[in-house]
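K.L.:
okay, here's the prediction I keep looking at, along with the sequence it came from:
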Amino acid sequence: MAILKIAQMGHPILRQVADPIDPNAITDAAVQHLIGEMYETMLDADGAGIAAPQVHCSVRLVICTFEDGVTVLINPVITPLSDEKISSWEGCLSVEGMRAMVERHAEIRIQYYDQTGTQHDRIMKDWNAIVAQHECDHLDGILYVERCDPKTLSFNTEFSKYAAGLGEE
Ligand code: ZN
């Protein structure tokens, strides 16, 4: 398995709407290979999640580290379940060295296929909901920087000095 190069903000692939994957092709070698390489790349980069467009592949596939483990989501569809919002500090492997406070839906329904082609329909809250929304945004060409409170945008070095502990849940 190779560790893939991660596209950085400004690369046009991060702004494309990614294509769905044919559910019948999920078990094909090409998709399984991509999942394996994305997983290795996420671990290497210390990410909580990774989306295929971040590794220059414009398809609707993300990997998220949820509270109950690493989960592959293919063709995910998110439906917010309430107007309640939660804010937390987010960073992104495609926006190296920065973070900011981002407001997200507190509770969502998410429907997706896993890496075996099995369909899932789950309710997610808090951390799981935040990670899922961040990663699935990548499939629509959206980065957290346009959802964040711009006044909180911080370089990690300054975040550690001045912001750690402030505003966190
Ligand atoms: Zn990201």
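P.N.:
It's in.
K.L.:
burial measure for residue 83, as a count.
P.N.:
Residue 83 has 8 neighbours, counted by other CB atoms under 10 Å. Yep, even glycine has a C-beta here, placed from its N, CA and C like the rest.
K.L.:
am I right that it sits in a helix?
P.N.:
No. Counting by DSSP: H, G, I helix; E, B strand; the rest coil, residue 83 falls outside a helix, being coil.
K.L.:
list the helices and strands the helix or strand of the chain with the lowest mean pLDDT packs on?
P.N.:
For the chain, scoring each helix and strand by mean pLDDT, DSSP states H and E identifies helix 156-158 as the least confident one, at a mean of 94. Here helix 156-158 touches strand 95-105, going by 3 or more CB pairs under 8 Å, 6 or more residues apart in numbering; DSSP states H and E.
K.L.:
which elements pack onto the strand it packs on?
P.N.:
Contact here means 3+ CB pairs under 8 Å, 6+ apart; on that basis strand 95-105 packs against strand 85-92, helix 126-138, strand 154-155, helix 156-158.
K.L.:
got the CA positions of it in PDB?
P.N.:
Coordinates of each C-alpha in strand 95-105 appear next as PDB, following Å, rounded to 0.1, in the frame of the first residue of the first chain:
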ATOM      1  CA  VAL A  95      -5.400  23.000   5.000                       C
ATOM      2  CA  GLU A  96      -2.100  22.200   6.700                       C
ATOM      3  CA  GLY A  97      -1.200  23.800   9.900                       C
ATOM      4  CA  MET A  98      -4.400  25.600  10.700                       C
ATOM      5  CA  ARG A  99      -7.700  25.200  12.600                       C
ATOM      6  CA  ALA A 100     -10.800  27.100  13.400                       C
ATOM      7  CA  MET A 101     -14.100  26.900  15.200                       C
ATOM      8  CA  VAL A 102     -16.900  25.400  13.000                       C
ATOM      9  CA  GLU A 103     -20.600  25.100  13.700                       C
ATOM     10  CA  ARG A 104     -22.200  21.800  12.600                       C
ATOM     11  CA  HIS A 105     -25.600  20.000  13.000                       C
END
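K.L.:
list the contacts of the helix or strand hosting residue 72.
P.N.:
With the criterion set as DSSP states H and E, the secondary-structure element containing residue 72 is strand 69-80. Applying CB atoms under 8 Å, 6 or more residues apart in numbering, the external contacts of strand 69-80 come out as 20-21, 23, 26, 31, 35, 39, 60-65, 105, 107-115, 132-133, 135-136, 139.
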